[in-house]
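**Student:** Need coordinates for the following:
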Amino acid sequence: MKVLLTQSIDKLGTRGEIKNVADGYARNYLFPKSLAVKPTDQNIKQLEINAKRYQQEESELKKTSEGIAEKLHKTSCTISTRADEAGHLYGSVSESMIAKAIKDEGVEIETKSIVLENPIKELGVYDVQVRLHPEVIVQMRVWVVEEGEGQEEKKE
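**Tutor:** This is a model prediction of the structure:
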């Protein structure tokens, strides 16, 4: 089924594109959440009318994301967690743990913005990608230390 996207959707397309999707995906998810409509002439015209306002909102969002990216580029965060003698973690460091550590540093971002290619399962220093906007991607440092070490460093 062909649909006209009214919102940008990750891994599907951007606003204003006409995409071919499964019937059930359109009926059960896209249409009820107003993420897409049927591509009729009237809907296409309405979307074109709203395009200028959308572009302005998108440019403001990009500027805001660039400001946050500047802060994140200068920021690194430390996550204290339990590990064995070999440095392997009991569990792994998740995106939500990283988002909380970044929030503790004074910058608030959404958990879904953090992109981990592989789960963090060992102590060490990692470069983590944060995707704030489709055009604004920043790398930041995440230090994963054993639970006892993090408190000692903060006291000094």
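
**Student:** right, and V115 touches Y126 too?
**Tutor:** No - under the criterion of C-beta atoms under 8 Å, V115 lies out of contact with Y126, with a separation of 11.9 Å. (C-beta placed from N, C-alpha, C; glycine too.)

**Student:** which of these two has more neighbours?
**Tutor:** Residue environment comparison for V115 versus Y126 gives the larger neighbour count to Y126, 17 against 11, counting by other C-beta atoms under 10 Å.

**Student:** ok, now which ones touch the more buried one?
**Tutor:** When the contact criterion is C-beta atoms under 8 Å, 6 or more residues apart in numbering, the partners of Y126 are I120, R141, V142, V144.

**Student:** Distance of the residue sitting nearest the centre point of the chain relative to I68?
**Tutor:** Nearest to the mean C-alpha position of the chain, counting by C-alpha atoms, centre = their mean, stands S113 at 1.4 Å. S113 sits at a distance of 9 Å from I68 (criterion: C-beta to C-beta, to the nearest Å).

**Student:** list residues touching both of the two?
**Tutor:** In terms of C-beta under 8 Å, 6+ apart, S113 and I68 are both contacted by the residues L132.

**Student:** can you pull out the strands in this structure?
**Tutor:** The residue ranges that make up the strands of the chain, judged by DSSP state E, are 2-5, 18-20, 36-37, 76-81, 88-93, 114-115, 120-122, 124-133, 136-146.

**Student:** Pick the most deeply packed of those strands.
**Tutor:** Of all those, strand 36-37 carries the top mean neighbour count, a mean of 22, counting by mean count of other C-beta atoms under 10 Å.

**Student:** Off-centre distance for it?
**Tutor:** Computed by C-alpha atoms, centre = their mean, to the nearest Å, the chain-centroid distance of strand 36-37 equals 23 Å.
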